[in-house]
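Novice: Need coordinates for the following:
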Amino acid sequence: MSLEQQLIERLTTLAPVHLEVINESSGHGGYFPGKESHFKVVVVSNEFNGLRLVQRHQKVYAVASDLMSPGRIHALAIHAYVPEEWQGQSPASPECAHAPKA
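Specialist: As a prediction, the model looks like this:
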């Protein structure tokens with residue numbers, strides 16, 4: 001199973017009403033086809049009610065902890081919302097300084 005699929009599986013334990021997992025690996029240095037190292041996740045869940053941003057991130061890291069190891073997920077951008085906050089889109093990711101040049 002791909003890292004992306006494993007990440008999706010773990011994030012579903014947070015009972016999301018909206019979930020996006022975007023593999024952004026191709027925009028980073030050392031990329032080759034099939035590499036899975038950089039992900040952006042958008043999670044909208046009632047599980048985050050009453051939690052500060054850092055606590056929301058801690059919940060996401062807790063369910064993905066076994067995927068965050070050398071040779072697996074190197075970077076994880078987290079956008080965690082409660083349904084009342086979700087506006088239908090997340091911020092764009094910044095360009096990587098070491099991204100492959102076209």
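Novice: Now the element after the top helix by length along the chain, going C-ward?
Specialist: Secondary structure of the chain per DSSP state H: the longest helix is helix 53-64. Using DSSP states H and E, the helix or strand that follows helix 53-64 towards the C-terminus is strand 75-81.
Novice: Report all helices and strands that the longest helix of the chain contacts.
Specialist: Applying 3 or more C-beta pairs under 8 Å, 6 or more residues apart in numbering; DSSP states H and E, one finds that helix 53-64 contacts helix 3-11, strand 75-81. Using the backbone N, CA and C atoms, a C-beta is placed for each residue, glycine as well.
Novice: List the contacts of the residue nearest in space to the middle of the chain.
Specialist: The chain has V41 as the residue nearest its centroid, 2.8 Å off, counting by C-alpha atoms, centre = their mean. The neighbours of V41, taking C-beta atoms under 8 Å, 6 or more residues apart in numbering as the test, are 7, 11, 19-22, 60, 76-79.
Novice: run the last query once more with 7 Å
Specialist: Residues in contact with V41, defined by C-beta atoms under 7 Å, 6 or more residues apart in numbering, are 11, 20-21, 60, 76, 78-79.
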